[in-house]
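**Student:** 3D model of this:
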Amino acid sequence: GDLKKTFGPEDVFHYIYTVFHSPTYRERYAAFLKMDFPRVPLTSKRPLFRKLCELGARLVKLHLVEDVPEGSVTFPEAGGNKVEKPRYVDAEQRVYVNDTQYFGNVPVEVWEFHVGGYQVCHKWLKDRKGRLLSFDDIHHYVKIVSALGETISVMKAIDTAVNRHGGWPLA
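**Tutor:** Here you go, the predicted model:
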């Protein structure tokens, strides 16, 4: 659809994807989400529907790592690139992969971001423990960190958009 007069299946998918990424939705309906499949609240407000579709499309591109903004994450130290014991040092905003090598400029909220019970940044490295990171691996991890940072921003924008239209529950 064009999101002006019509909408299509992808728009519905983007809307649902957005609703499920709303921090307020997750908090408000946490008890229900633990017991049952999530329910999709519908809105009759076209501007809100359009905005949530736009935000959902952005999230999908981020999560498919198709359109990730350039971030400030670095991997400045030369070395063997072997993943030994990943750890985060908050004061330095660094994710160490071994004693000397690290990804720099990783905000704590990105490091602590969870999906499905997993801490994304930690899990990705933990799954590669004992392996050497290739140039492509390093580049991909940088993209993941950037995508998660942008995801956090979009999640805040979702709640802002919903609040501008009366908040939860949706009308």
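
**Student:** Find the nearest non-adjacent residue to residue 159, please.
**Tutor:** Excluding its sequence neighbours, the residue lying closest to residue 159 (C-beta to C-beta, 6 or more residues apart in numbering) is residue 24, at 4.9 Å. All C-beta spots, glycine's among them, are computed from the backbone N, C-alpha and C.

**Student:** how much space between the one you found and residue 156?
**Tutor:** 10 Å (C-beta to C-beta, to the nearest Å).

**Student:** now swap in residue 171 and tell me
**Tutor:** Counting by C-beta to C-beta, the gap from residue 171 to residue 156 is 21 Å.

**Student:** now residue 3
**Tutor:** Taking C-beta to C-beta, one finds residue 3 at 22 Å from residue 156.

**Student:** Look at the two and report which has more neighbours.
**Tutor:** residue 3 (16 against 12; other C-beta atoms under 10 Å).

**Student:** Would you mind identifying the next helix or strand past the helix-or-strand element of the chain with minimal mean pLDDT?
**Tutor:** Within the chain, no helix or strand scores below helix 30-35, which has a mean of 87 by mean pLDDT, DSSP states H and E. Helices and strands here follow DSSP states H and E; after helix 30-35, the next one along the chain is helix 46-63.

**Student:** Can you show me the strands along this structure?
**Tutor:** For the chain, the strands defined by DSSP state E cover 87-89, 94-96, 102-104, 114-115, 118-119.

**Student:** Go through the longest helix anywhere in the chain and flag the buried ones.
**Tutor:** Counting by DSSP state H, the longest helix found in the chain is helix 135-164. For helix 135-164, the neighbour count (16 or more other C-beta atoms under 10 Å) marks 137-138, 141-151, 154-155, 157-159, 161-162 as buried.

**Student:** Same question for stretch 53-71.
**Tutor:** Buried residues in stretch 53-71, counted by 16+ other C-beta under 10 Å: 53, 54, 55, 56, 57, 58, 59, 60, 62, 68, 71.

**Student:** Just the CA atoms of that stretch, as CSV, please.
**Tutor:** Presented in CSV, the C-alpha positions along stretch 53-71 are these (Å, rounded to 0.1, in the frame of the first residue of the first chain):
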residue,chain,number,x,y,z
CYS,A,53,4.7,1.2,10.0
GLU,A,54,7.6,3.5,9.2
LEU,A,55,9.3,2.7,12.4
GLY,A,56,8.7,-1.0,11.9
ALA,A,57,10.2,-0.9,8.4
ARG,A,58,13.2,0.8,9.9
LEU,A,59,13.5,-1.9,12.6
VAL,A,60,13.2,-4.7,10.0
LYS,A,61,16.1,-3.3,8.0
LEU,A,62,18.2,-2.9,11.1
HIS,A,63,17.6,-6.4,12.2
LEU,A,64,18.3,-7.9,8.8
VAL,A,65,21.5,-5.7,8.9
GLU,A,66,20.5,-4.2,5.6
ASP,A,67,20.6,-0.5,6.5
VAL,A,68,22.8,0.1,9.5
PRO,A,69,24.2,3.5,10.2
GLU,A,70,27.9,4.0,10.5
GLY,A,71,28.7,3.9,14.2
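
**Student:** Much appreciated, bye for now.
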